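Q: Kindly return the folded structure for what I paste below:
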Amino acid sequence: MRMAREGSSWSGYERNCAFLNCGSNNGTFRFADISAVSGLDFPEDARSIGVVDWDHDGDLDLWFRNRTAPRLRLMVNQTEAGTEAKRFVAFKLTGTQCNRDAIGARVELKVHGSGGSAQGQPSTRLQTLHAGDGFLSQSSKWLHFGLGNQQQIDEVLVHWPGGETESFGSVQPGGRYLLREGSSQATDGTPQDRQVKLVASVPTVPPPQSAASIQLPRRIITPELTYRPFGAEETTRVKPGSKPLLVTLWASWCQSCVHELRSLGEAQQQLRDAGVDILALSVDHLGGDDDRQLVAKAEQLLHTIGFPFSAGIAERETLDKVNHLQSVLFDRHVAFAVPFSFLLDEQRRLVFIYRGPVSADALLHDLASLNVSESRLRDQAIPFAGRWYTNPSADDQLAEYLGSQFLADYPAEAAHYYQKASQLATSADRKRHLAKQAFDVFYSLAVSLLQKGAASAAEINFQNALSLRPDSAEAHSDYGALLAREKRSTEAKAQFRRALELRPDYPLAKKNLEILNKALNRPQGQ
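A: Just a heads-up that it's a prediction; the model follows:
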């Protein structure tokens with residue numbers, strides 16, 4: 001699946017194949033490859049096929065479903081008219097004692113020829129009605145029999161799934177018949193004229209573009225994104241603000257990046273008037289070369305072009321989280337390339353993604369979409385008109401899903417998503433369930449970090465866990481153990497005592513408190 005999502009084909013980009021049954025020779029069947037001459041050898045990554053007489057002209061047409069575009073393709077069989085109208089017969093079955101669709105029924109058609117090499121020789125055709133055929137496909141439930149030249153039908157036998165066999169008479173070539181279990185009568189099943197009229201077309205491939213703008217159908221909660229401003233030693237995080245924020249990732253060696261930064265700088269007054277901030281984060285140092293030299297080069301370039309907005313250095317984890325979020329949101333995984341930008345609303349939720357350089361005009365246009373309703377945002381994200389038959393998932397469900405997708409690689413981020421989901425949930429039971437999920441991740445992460453000796457990070461996660469479940473004696477006791485290791489005895493004692501208030505019989509908290517008191521050479525209980 002990873003390879004498929006990165007653009008690889010299930011089938012190695014093979015063309016579709018079609019084979020013609022040439023009949024048997026001494027019991028050996030032979031087939032001819034007619035892929036090219038039939039016009040069916042399309043290069044798309046086809047997955048399944050549905051067979052149906054779509055235009056009701058007596059021959060079978062083909063629907064293709066592809067993994068790549070076009071996702072659906074109809075191939076209409078245009079066999080020449082004439083005697084073709086009599087070269088088939090079709091049946092639709094209805095069960096009364098067996099299942100209603102008569103799935104599993106077998107139709108036996110007895111015919112004999114009136115001309116050609118098969119003159120006067122009877123033959124039997126068999127077809128079984130399946131609830132699905134081939135891979136991920138379901139053809140029409142009409143059973144279609146090709147009859148060849150001027151065949152005559154002697155008898156139609158239906159072997160119903162219940163075990164009964166029934167004979168149907170008065171069947172003529174070129175007809176469509178309804179066969180109802182128990183009736184023994186074939187009735188006319190000629191369908192009404194199809195209302196859907198499809199027009200043949202040749203798909204056009206749009207020319208390649210250097211940039212792509214993607215509007216998301218939902219405002220997506222972003223993971224915590226950190227960076228280091230130029231000239232600063234400490235990192236900072238992207239925080240909620242009073243204005244939307246465009247974050248652009250760039251490199252000094254990328255000419256498209258430099259052109260983008262110049263054009264955004266030249267339009268600074270328009271952008272400021274529109275109420276948007278810009279944060280340009282350099283990824284030069286992530287190539288593995290001399291960090292200081294590359295950072296200095298990137299900072300000097302911004303100074304040279306007079307870039308008027310905020311700038312800094314992207315953290316490796318920030319880039320990894322952005323890539324991971326993309327893999328969650330999109331079925332097709334595209335390799336990261338600069339320039340890459342994303343537009344966040346005031347709450348720092350993701351709304352637009354830009355692959356390639358983003359222009360000031362495009363940014364100004366997209367800013368108008370930040371404040372529309374959720375339903376309008378969803379409609380605008382789709383490139384064609386239509387009606388929705390499903391409602392979007394609730395906000396807490398989306399946050400929980402994002403948490404589950406970050407859990408394996410970024411457990412702290414997953415816990416924050418679960419915590420946010422708990423805040424968004426509307427029912428008390430749902431809030432408790434999500435809060436427990438967040439607590440479990442924070443607590444597990446804190447214990448793991450404590451075991452690795454990462455005391456500062458462990459303490460943050462203990463505090464986060466206890467903010468969600470202050471009644472957890474285990475979390476208080478383990479937090480106390482961390483504080484005791486850090487020689488913060490008064491704080492550690494308070495945590496052990498709180499654990500014992502919650503669980504007076506908690507042996508680990510008692511033991512830890514005793515050890516701490518002995519170490520301090522004080523009587524127990526003080």
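Q: And the strands in the stretch 51-200 of the chain?
A: Using DSSP state E, counting those that start in this stretch, the strands of the stretch 51-200 of the chain run over 61-66, 72-75, 88-94, 106-113, 122-128, 143-146, 151-159, 165-168, 176-180, 186-188.
Q: go on, the stretch 401-526 of the chain?
A: Under DSSP E, counting those that start in this stretch, the stretch 401-526 of the chain gives no strands.
Q: Okay, helices next: where are they in it?
A: Using DSSP state H, counting those that start in this stretch, the helices found in the stretch 401-526 of the chain span residues 411-424, 428-451, 455-468, 473-485, 489-502, 507-519.
Q: CA-only coordinates of the fifth one in CSV, if you can.
A: This file holds the C-alpha atoms of helix 489-502, laid out as CSV (Å, rounded to 0.1, in the frame of the first residue of the first chain):
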residue,chain,number,x,y,z
SER,A,489,12.1,16.4,48.1
THR,A,490,9.3,18.7,49.3
GLU,A,491,7.4,18.4,45.9
ALA,A,492,8.0,14.6,45.8
LYS,A,493,6.6,14.2,49.4
ALA,A,494,3.5,16.1,48.4
GLN,A,495,2.9,13.8,45.4
PHE,A,496,3.4,10.6,47.5
ARG,A,497,1.0,11.9,50.2
ARG,A,498,-1.6,12.8,47.5
ALA,A,499,-1.3,9.2,46.2
LEU,A,500,-1.9,7.9,49.7
GLU,A,501,-4.9,10.2,50.1
LEU,A,502,-6.4,8.7,47.0
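Q: Just the buried residues of it, please?
A: S489, A492, K493, Q495, F496, R498, A499, L500, L502 (16 or more other CB atoms under 10 Å). C-beta coordinates here come from the backbone N, C-alpha and C atoms, glycine included.
Q: ok, now the last one?
A: Neighbour counts over helix 507-519 (16+ other CB under 10 Å) mark L508, A509, K510, N512, L513, L516, N517 as buried.
Q: ditto for the longest one
A: For helix 428-451, the buried set under the neighbour-count rule, 16+ other CB under 10 Å, comprises 430-431, 433-435, 437-439, 441-443, 445-447, 449-450.
Q: Likewise for the first one?
A: Within helix 411-424, the residues scored as buried using 16+ other CB under 10 Å are 411-422, 424.
Q: Out of the buried residues of helix 428-451, which is nearest to K141?
A: R430 (42.7 Å; CB to CB).
Q: give the contact list for the closest one.
A: D396, S422 (CB atoms under 8 Å, 6 or more residues apart in numbering).
Q: For it, give me the pLDDT.
A: You'll see R430 listed with a pLDDT of 96.
Q: quick one: it from H416, how far?
A: R430 sits 18 Å away from H416, taking CB to CB, to the nearest Å as the criterion.
Q: got it, and R469?
A: Counting by CB to CB, the gap from R469 to H416 is 16 Å.
Q: next one: L147
A: 68 Å.
Q: picking up where we left off before, any idea which of the buried residues of helix 411-424 is least confident?
A: Among the buried residues of helix 411-424, A412 has the lowest pLDDT, at 92.
Q: any idea how far the nearest residue to that residue once chain neighbours are set aside is from A421?
A: Closest residue to A412 apart from its sequence neighbours, by CB to CB, 6 or more residues apart in numbering: L445 at 5.9 Å. For L445, the distance to A421 equals 17 Å [CB to CB].
Q: Let me see the domain layout of this protein.
A: With domains defined by automatic domain parsing, the chain comprises 2-75, 83-188, 212-380, 395-519.
Q: if I pick N512, what's in contact with it?
A: S477, G480, A481, A484, A492, F496.
Q: L483 is in contact with the fifth one, correct?
A: Yes: proximity of A492 to L483 meets the contact threshold set by CB atoms under 8 Å, at 3.7 Å.
Q: Double-check that R30 belongs to a strand.
A: Yes: the assignment for R30 by DSSP: H, G, I helix; E, B strand; the rest coil puts it in a strand.
Q: show me what contacts it?
A: C22, G23, S24.
Q: And it, how close does it get to S24?
A: For R30 relative to S24 (CB to CB), the value is 8 Å.
Q: same question, S456
A: For S456 relative to S24 (CB to CB), the value is 79 Å.
Q: same deal with A105?
A: 27 Å.
Q: again, but for Q152
A: 23 Å.
Q: the more surrounded of these two?
A: Legend: neighbour count by other CB atoms under 10 Å for Q152 and S24, higher for Q152 (13 against 9).
Q: For beta bridges, what are the partners of the more buried one?
A: Note on Q152: beta-bridge partners H112, judged by DSSP bridges.
Q: re earlier: is it possible to export the contacts of N512 to a markdown table including distance to H324 and pLDDT?
A: Below are those laid out as a markdown table (distance: CB to CB, whole Å; pLDDT from 0 to 100):
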| residue | distance to H324 | pLDDT |
| --- | --- | --- |
| S477 | 34 | 94 |
| G480 | 35 | 94 |
| A481 | 33 | 93 |
| A484 | 36 | 92 |
| A492 | 37 | 93 |
| F496 | 39 | 93 |
